[in-house]
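Novice: dropping a prediction and its sequence here:
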Amino acid sequence: MEVHFTPEQEIQMAQIAAQAGTDPELLVKDEVLRLIEEQQPTQTPVPELPVWQLGAVGTLRRCDLYDDVG
C-alpha cells in the first residue's frame, strides 16, 4: 500500500520522527497499527459469579419475607 503526503506533511513527519529518534516510515507504520488496535473491540472477561451454598432452606412464602401478611 502506498500513501502520498504533501511535501509540508513529509517535513512535519520527518521533524516528529527526528524528535522521537526513529525513521519517518516506521513512525507512520507504528501509528497506523496503534489506530487499528484501538478500533478492534476488546473482549472483557465476564466475571464469574460466586456460588453460595445456602443449605436446605425449603420453600419461601410471602409471610417469610414481608410483614404485611398475617
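Specialist: Nice, I can see it.
Novice: tally of neighbours for Arg34?
Specialist: Close neighbours of Arg34, defined as other Cβ atoms under 10 Å, add up to 10. C-beta here means a position set from N, CA and C on the backbone, and glycine is covered the same way.
Novice: mind checking the SS state of it?
Specialist: Here Arg34 is helix, with the state taken from DSSP: H, G, I helix; E, B strand; the rest coil.
Novice: show the pLDDT at it.
Specialist: In this model, Arg34 is scored at 93, pLDDT.
Novice: distance-wise, check it relative to Thr22.
Specialist: 14 Å (Cβ to Cβ, to the nearest Å).
Novice: which residues does the residue nearest the centre of the chain contact?
Specialist: When Cα atoms, centre = their mean is applied to the chain, the residue found nearest the centroid is Thr42 (4.5 Å). By Cβ atoms under 8 Å, 6 or more residues apart in numbering, Thr42 lies in contact with nothing.
Novice: quickly find the element holding it.
Specialist: Counting by DSSP states H and E, there is no helix or strand that carries Thr42.
Novice: any idea how far it is from Gly55?
Specialist: Taking Cβ to Cβ, one finds Thr42 at 40 Å from Gly55.
Novice: how close does the residue nearest to the centre of the chain get to Gly21?
Specialist: 30 Å.
Novice: would you list every one of the helices in the chain?
Specialist: Residue ranges of the helices in the chain, as given by DSSP state H, are 7-20, 24-39, 62-65.
Novice: same list (these) but as TSV, adding distance to Val51.
Specialist: Below are the helices of the chain laid out as TSV (distance: least, Cβ to Cβ, whole Å):
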stretch	distance to Val51
helix 7-20	51
helix 24-39	36
helix 62-65	23
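Novice: tell me where the model's unsure across the protein.
Specialist: Within the chain, the segments meeting pLDDT under 70 span 57-58, 69-70.
Novice: thank you, goodbye.
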